[in-house]
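[1] predicted structure and sequence below. I'll ask about it afterward.
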Amino acid sequence: MNLLSCSGAKRRRSVTLAAAAALVSAGIGMPVAGMVATARAADSSTVATTTTFDSGLGSWTAKTGTAAQRVTSPTQSGTGALEVTNSTQSAGEVGAVSATKAADCTTPVAGYRYTARAWVRAVTTGRLASVAMSFNNAQGAVVARIVGQQAQDSNSGWLQPLDTVAVAPANATCLIVGVTFAGAAKGERHLVDTISLTSARGGSKNVVGPLRTSGNQVLDKNGLPVIFRGVNIPGLEGNSDGEVTDADAAGTKAWGANFVRLPLGEHLWLSQNCYYDPNEMPKVDAAVQSITSRGMVAMLDLHWHTVGNCGHAGQWPMPEYAQTMTFWKQVAARYKTNPLVAFDLYNEPHDVADDQWRNGGTITWKGITYRTAGMQEMYDAVRSTGATNLVMATGRSWGNIFPKTAPLTGTNIVYAIHAYTCPEVAPPKCTNAAPYDPSQFFKYWTTAETTYPIILSEFGWPNPDDGLYIQNVITYAEAHKWSWSIYSCCETWGWFPIVASNKAGSAWQARLAGMPALRAFPGA
């Protein structure tokens, strides 16, 4: 993330995460009444139920102010669909729910994640539609209500809003799915069809190190391919009051991550620097232990630094040679014996030529001239300690472009891309002509991906209530077998949070921007 232009994007976090997420294994959890089991994914931890209203409405019931009936045309699939009509005298929300009594509920399993989706269509006027899940306790009270991203239906065809994904709270005994349409006029009609509820196992399989590269893959100790899917946890890169807690690591593991990227501040690490914090090393030690002891990879990222021992701390085009050589030798020596630690040489090289990216050199930035460390020099500094851990080199131009001077000389190297089509503000203020299309950056990596392992180590969206861009990025990464880590966890505020709630003792829920990641984690 370009913090020179997004100074408020990454800040310290003081939240505590609850352990969350895991999923329904085969045979656990009851399907929503009115749904029939139609598919079990190749991963036996995933069970899906679907209703098509072919033989009636089942337990589906109209919300207050709504009339509901089965129609035979048009349908998205099968021979029936659910039609909802505004039966009141004024405009308002209309819709239907899967159950109104406990006997018809899905019985959720605490900590498990659930995914709901539906197809919608307008009969006349398009409205904003959304899919929601309500978790109720034994007394019928709502414990949590998770509403998915809205999408406008139309009368020209069927539309499927983005998946709604949630984690079942510990005290929930009833799960209800609902579909609503906002602002429907009197007598206005909308259609719903092919509603599915999917449950799948959470957590993640432990990564077994040491790790190495072979061609364009990362292999584990047993020679099996590993794809990293994870999160960025900021907090240790900027100020001395930042932290990454054990609860952060527990929450990311429970959600399904097998990888955590930890941005670090060189200025806080080095004792000769004016900003030196003697607590920085112990904080990093604790974070690494919390992450790797849970079978996840901890990638240590040189994120912030100074030019000169007392200069401005932030993101420069490339790091200063003298301090950075010391930093990487110290960091690599300290963590080289941990096979689940990886080293990300520098966060987002920018405003440097391809040769400077690789070999360093003298540059002038904002009136300050200094000698930079190149990626090859930083790589060599890591290897000089005897460390054989994975090393990650981020591309040029804020991580968008694979440099012409790549690859580096060495082994166990993964190349990292960052992708922010709107790094500062969301549309309509974002000036990118195709803000939801990440392939405008990915096109620079199509040749490299055939030869080298690629990780999309940072991507995000500056509106936490919009998951479309995140979904597009993850869909591309999965199709190309890239590793990925979303920005950012685990704060619940700011421009880029993916977490909506993470109070101790409660289920860790996703913001709309975080739902695609929560859904994409494959589970243990």
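    In hand now; what should we look at?
[2] burial of Glu449, as a residue count?
    17 (other C-beta atoms under 10 Å). C-betas here are computed from N, CA, C, even on glycine.
[3] quick one: it and Lys404, what's the gap?
    16 Å (C-beta to C-beta, to the nearest Å).
[4] who's in contact with Lys336?
    Thr385, Gly386, Ala387, Thr388, Asn389 (C-beta atoms under 8 Å, 6 or more residues apart in numbering).
[5] got it, and Val167?
    Contacts of Val167 (C-beta under 8 Å, 6+ apart): 20-21, 111-114, 202, 255, 507-510, 518.
[6] and stretch 322-331, which residues are buried?
    Neighbour counts using 16 or more other C-beta atoms under 10 Å place Gln323, Thr324, Met325, Thr326, Phe327, Trp328, Lys329, Gln330, Val331 of stretch 322-331 among the buried residues.
[7] name the helices or strands packed onto the helix or strand where the fourth one lies?
    Okay, so that is Thr326. Per DSSP states H and E: Thr326 is located in helix 321-335. In terms of contacts (3 or more C-beta pairs under 8 Å, 6 or more residues apart in numbering; DSSP states H and E), helix 321-335 is packed against helix 266-269, helix 280-292, strand 297-304, strand 341-344, strand 368-372, helix 375-383.
[8] give me the mean pLDDT for the last one.
    By that I understand helix 375-383. Helix 375-383 carries an average pLDDT of 98.
[9] what is the next helix or strand after that helix packed up against?
    Remark: after helix 375-383, the chain's next helix or strand is strand 391-394, criterion DSSP H and E. For strand 391-394, the packing partners by 3+ C-beta pairs under 8 Å, 6+ apart come out as strand 341-344, helix 375-383, strand 413-419, strand 454-459.
[10] between those, which one is nearest to Thr107?
    Comparing those against Thr107 with C-beta to C-beta, the closest turns out to be strand 454-459 (36.0 Å).
[11] compute the inter-axis angle for the next helix-or-strand element following the closest one and strand 454-459.
    The helix or strand immediately downstream of strand 454-459 is helix 468-479, counting by DSSP H and E. Relative orientation of helix 468-479 and strand 454-459, computed by axes from the mean of the first three to the mean of the last three C-alpha atoms, to 10 degrees: 170 degrees.
[12] ok, residues contacting helix 468-479?
    Taking C-beta under 8 Å, 6+ apart as the rule, helix 468-479 contacts 149, 162, 419, 421-422, 435-439, 442, 456, 459-461, 482-484, 486, 498, 513-514, 516-517, 520.
[13] derive a PyMOL selection command for the buried subset of those residues.
    A single PyMOL command selects the buried members of those (16+ other C-beta under 10 Å):
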select buried, resi 149+162+419+421+422+435+436+438+442+456+459+460+461+482+483+484+486+498+513+514+516+517+520
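[14] among the contacts of helix 468-479, which ones are in strands?
    Counting by DSSP state E, the contacts of helix 468-479 place Ala419, Leu456, Phe459, Ser483, Trp484, Ile486 in strands.
[15] and the fifth one, what does it touch?
    When the contact criterion is C-beta under 8 Å, 6+ apart, the partners of Trp484 are Phe228, Arg229, Gly230, Ile455, Leu456, Ser457, Phe459, Val473, Ile474, Ala477.
[16] am I right that Trp398 sits in a helix?
    Yes: according to DSSP: H, G, I helix; E, B strand; the rest coil, Trp398 belongs to a helix.
[17] make 47 the starting number, not 1.
    Yes, from this point I'll number from 47; that puts the last item at Trp444.
[18] got a pLDDT number for it?
    Trp444 is given a pLDDT of 97.
[19] that one contacts His464, doesn't it?
    Yes: under the criterion of C-beta atoms under 8 Å, Trp444 makes contact with His464 at 6.0 Å.
[20] who touches both of those two?
    Shared contacts of Trp444 and His464, defined by C-beta under 8 Å, 6+ apart, comprise Glu394.
[21] tell me, how many neighbours does Asp331 end up with?
    12.
[22] how near is it to Ser286?
    16 Å.
[23] still on that earlier bit, export the helices and strands packed on helix 367-381 to CSV and tack on distance to Cys356?
    Converted to CSV, these look like this (distance: least, C-beta to C-beta, whole Å):
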stretch, distance to Cys356
helix 312-315, 9
helix 326-338, 17
strand 343-350, 14
strand 387-390, 25
strand 414-418, 13
helix 421-429, 22
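[24] which of the ones you listed sits closest to Ala214?
    The nearest among the helices and strands packed on helix 367-381, by C-beta to C-beta, is helix 326-338 at 24.6 Å.
[25] contacting residues for Val545?
    Leu63, Cys535, Cys536, Glu537, Thr538, Trp554, Gln555, Ala556, Arg557, Gly560.
[26] cool, and Pro365?
    Glu312, Leu348, His351, Phe373, Tyr392, Thr418, Ala419, Met424.
[27] mind putting those into JSON lines with distance to Gly126?
    Converted to JSON lines, the contacts of Pro365 look like this (distance: C-beta to C-beta, whole Å):
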{"residue": "Glu312", "distance to Gly126": "63"}
{"residue": "Leu348", "distance to Gly126": "58"}
{"residue": "His351", "distance to Gly126": "62"}
{"residue": "Phe373", "distance to Gly126": "64"}
{"residue": "Tyr392", "distance to Gly126": "58"}
{"residue": "Thr418", "distance to Gly126": "66"}
{"residue": "Ala419", "distance to Gly126": "65"}
{"residue": "Met424", "distance to Gly126": "62"}
